[in-house]
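>>> Mind looking at a prediction? Sequence and model below.
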Amino acid sequence: MQAMAVVATLAWVALSGVARPAAAPQTPQRQPTPQRNIDDVDVQVLPVRGNIYMLVGAGGNVTLQIGRDGVLVVDSGSGPKSDAIVAAIRRLTDRPIRWIVNTHYHSDHTGGNRTVSKAGRSIPQVAIGAGRLFTDADDVANIVAHENVLKRMTTQTGEGASAANENRPVATFFGDEEELFFNGEPILLIHQPSAHTDGDVLVFFRRSDIVAAGDIFVTHSYPVIDIAAGGTFGGYLDALNNVIHITIPEEKQEGGTYVIPGHGRLSDEADVVDVRDMVTIVRDRIQSMIARGMTLDQVKAARPTLDYDDRYRASGGTWTPDMFVEAAYRTLSPTAVKAGS
Amino acid sequence: MNRTTFVLAATCAIVGAADVAAQRGQRIDPVTTAQAAAPVDLTGSWVSIVTEDWRWRMVTPPKGDYARVPLTPEGRKVADTWDLTRDVAQGNQCRPFGAGNIMRMPGRLQMTWSDPHTLKIEYDAGSQTRLLHFDKSRKPSGERTWQGWSVAEWEFVGGNGRGRGGSARGGSLKVVTTGMRAGYLRKNGVPYSENMVMTEYFDRHTEPNGDDWFTVMTIIDDSRYLTQPFVLTTSFKKEQDNLKWRPTPCEIAPPLK
Amino acid sequence: MKPLLFLILASLLSPGLAFAQIDLAGDWRGVSHEDTFSRGGVVIGEYVGLPLTDGGRLRADSWDPSLLTVPEHQCIPHPVTYAEHSYAMNQMRIWTVIDPETAQVVAIRKRGTWMEPERTIWLDGRRPPPEFAAHTWQGFSTGRWEGNMLTVTTTHIKSGHLQMNGVTTSDDVTMTEHFIRRGNYLTNITILNDPVYLTESFIRSSTWVLDPTLNFVPYPCGPNEVVVEIPRPPGAVPHHLPGTNKLLAEFATIHGLPAEAARGGAETMYPEYMEKMKTMKPATAAATR
């Protein structure tokens, strides 16, 4: 008995030294992540709100609306990861893909049209929304866009022309807006003229309170103004201000209407305001330089984007600050304005 | 109770008392030195990083600028009659470099152990030295000095620092300083009296990018010149060498305005 | 019986060290004895002690306080990079979130008054959201106890002001904090890293005192409080073109500082800058509107 007491005591003494309550769990240290292009990550799904999802990593961001009517897809990525997009949709639902809406014609947003469309099927001979959109084929999902998207994709020459033709939309509209009603939700397609291109569309999910903005709003680089495709700096700024007009924050100027950018992270009105402010300030600077008669090279040398370069310089050098400045200069200069370009 | 059982019970009592003592920051036992028991290593070369109160620390503010110092009317009166020339003439040019303000002076400091129970802080600003005494049996001489007499102790958290049951889980340095000559809380003559009691807590923190810092929280109690405890926090970043160590005499520039 | 009594005696004499998380809950009042003006009274052009990049400096130079009157700017709260050391947190309320099943603390919540910045610090080990998730003004915070110090890492922060004079942090900023409670004092040490606008880590610290009698008065800004204060064309953004902001010289002139010092930069944080300033002349140009 005495030996047992000794052993028990020694054991207790030892345990009282080690049996401390466990420390709080150690959360892993997150190192700051350098600015990188999240278009190149594996396709990942981010639930946004309700039945709306954002897919990243397939080129441009992809938006999904899923419900009993099927799946509506906003943009289809760049093509090489189209199968991954379809696979991601299949993980979320087995309902058919009915609609693809293209925000503009660029291949990083339309490159997967054919693959994604062929993975779905339309509702044959049924009008959607206002009754202006029909399809002839019922064994593929419909591809909807502004008619300028169809024009750009069917008149494209050189590399990519064949793919563009295959991925072209077949249901187009030419007015300021188009209406859809799908999965119990009104969806407004708002044409933004002469912005990123001449065929840009905002896709506004009214009940979900989400805007899929295409490349009218991006967070990973300076806004791209595709002058050759009818984009203008002024039109781009008008488009951003229109996004701000239709978005409403929930409280403390955040949340509420979410904005899915063409590239980059999920955003809200305040994030769009941040970009709008930047674009406006850069415009004002360049306009003042133009008014003083500065040449393009002089304007570039003056570095009117210095305070934003480290944030918006795109990785990989695909859209540089100089390119952005040049696009602004060319579309803001009086001769450009006069020529209507 | 037999002999063996008694020894075991006594062992438990001693260990338990040591645990309690460790939690209260007292010396663990007569054998362990403060240096050996240190739960954090504050030794090395450190530089003050002045991101706060810049125009009260990097330059000499104007006389009468004692914004946010909770002075009594007597304290304000003394501050309003500050005269730099008079201080120098009377040999009091080290008043802003006393213990009450030395940590706020932009500069570099070096911390070393002058003996296993005494931590030494040397400042290049004003060429000042503070000794932090862990051995409570040592007493001050009674003479007031610019740096006063500092009594130090470790505050342990979650262990006794000796590795029993696992390594120490960190801690801080607590220092209480008294016995100072009257000095200045700021370069421009905001006063503290010789009755001031200063309590400091030194915390070390290492950041994800590898930078080593310590931040000292200073609480100054002075019933003569302050209406409430005056609380400041000051940060220092570790430097890999002391190549920029530049001891200077007690000297401040006149106010810019 | 004797051994049992002995064990009972031993356990009484040797209390286990119950290492518990330190309770930060309560109403806290800011002890504003330092850094007072940076918390709400900083001057246009005052960049001393800020490790700004050239871009960060230009961004601040271009800022016009009128921007705050633009409707979509009016209700923006202080972002967490600034809120913790601003007057918005002069009155601060902290409470804990308890898992009802395990009774463990899973999070700490903090709230200030002006514009009601409110944040959650998760203590349950969860990982931050993916990099393409939305950012918020208060970011996403996770914490862990390191001894007596709660170390918090915050990411996913929106771009916002670091000081209310146009000095801005980008949305690439990350923040590390250390909360230390000593009796009735609570100290927060904040270190910011911003690869866009800061060349080095930027450290600040603040202290609060526990005040159970605090009259915590929220100051919300709701949608019905957004008004058009100044009629402007749609989309107008007040700002100063480069080189035109005549207010930038005021800070240095008022305080007799060299103009160069007022421009900030990492070197102004280090003690050797005092020697450099001895070679500079004070700014003399008066600011005019």
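Thanks, I have it. Residues are numbered from 1 along each chain as shown, chains lettered A, B, ... in the order given.

>>> need the contact list for the spatially closest residue to residue A:320 that is not a sequence neighbour.
Of all residues not flanking residue A:320 in the chain, residue A:313 sits nearest, at 6.7 Å (Cβ to Cβ, 6 or more residues apart in numbering or on different chains). C-beta coordinates here come from the backbone N, C-alpha and C atoms, glycine included. For residue A:313, the contacting residues are A:35, A:221, A:222, A:320, A:321, by Cβ atoms under 8 Å, 6 or more residues apart in numbering or on different chains.

>>> Could you check how far residue A:313 is from chain B?
22 Å (Cβ to the nearest Cβ, to the nearest Å).

>>> can you check residue A:259 too?
31 Å.

>>> partners of the strand or helix carrying that residue, with directions?
Using DSSP states H and E, residue A:259 sits in strand A:258-261. Take DSSP bridges as the rule and strand A:258-261 pairs in its sheet with strand A:210-214 (parallel), strand A:267-268 (antiparallel).

>>> Including mean neighbour count, mean pLDDT and distance to residue B:115, could those strands go into TSV?
TSV is the format used below for those (neighbours: other Cβ atoms under 10 Å in any protein chain shown; pLDDT from 0 to 100; distance: least, Cβ to Cβ, whole Å):
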stretch	mean neighbour count	mean pLDDT	distance to residue B:115
strand A:210-214	30	98	68
strand A:267-268	26	98	60
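
>>> elements contacting the helix or strand hosting residue B:150?
Assigned by DSSP H and E, residue B:150 falls within strand B:149-156. Secondary-structure packing of strand B:149-156 (3 or more Cβ pairs under 8 Å, 6 or more residues apart in numbering or on different chains; DSSP states H and E): helix B:34-37, strand B:128-133, strand B:171-178.

>>> run the last query once more with 10 Å
helix B:3-23, helix B:34-37, strand B:118-123, strand B:128-133, strand B:171-178, strand B:197-206 (3 or more Cβ pairs under 10 Å, 6 or more residues apart in numbering or on different chains; DSSP states H and E).

>>> what's the distance between the residue nearest the centre of chain B and chain C?
Centroid-nearest residue in chain B: residue B:200, 5.0 Å away (criterion: Cα atoms, centre = their mean). Distance, residue B:200 to chain C, using Cβ to the nearest Cβ: 11 Å.

>>> For that residue, give its distance to chain A.
Taking Cβ to the nearest Cβ, one finds residue B:200 at 27 Å from chain A.

>>> ok, now residue C:166?
10 Å.

>>> do residue C:174 as well
5 Å.

>>> need the strands for the stretch 101-250 of chain C, in chain order.
C:105-111, C:118-122, C:140-146, C:149-155, C:160-161, C:168-169, C:174-182, C:185-193, C:202-210 (DSSP state E, counting those that start in this stretch).

>>> for the stretch 151-257 of chain B, same thing?
Using DSSP E, counting those that start in this stretch, strands in the stretch 151-257 of chain B cover B:171-178, B:183-184, B:191-192, B:197-206, B:212-221, B:230-239.

>>> Give me whichever of those is most buried.
Per-stretch averages of neighbours, counted by mean count of other Cβ atoms under 10 Å in any protein chain shown, single out strand B:191-192 among the strands of the stretch 151-257 of chain B, with a mean of 28.

>>> What pairs with it, parallel or antiparallel?
When DSSP bridges is applied, strand B:191-192 pairs with strand B:183-184 (antiparallel).

>>> Quick one: mean pLDDT for the partner strand?
Strand B:183-184 shows a mean pLDDT of 98 in the predicted model.

>>> With stretch A:176-192 instead?
Mean predicted lDDT for stretch A:176-192 stands at 96.

>>> for residue C:68, helix, strand, or coil?
helix (DSSP: H, G, I helix; E, B strand; the rest coil).

>>> which ones are touching residue A:70?
Residue A:70 is in contact with A:93, A:95-99, A:120-123, A:141, A:182-183, counting by Cβ atoms under 10 Å, 6 or more residues apart in numbering or on different chains.
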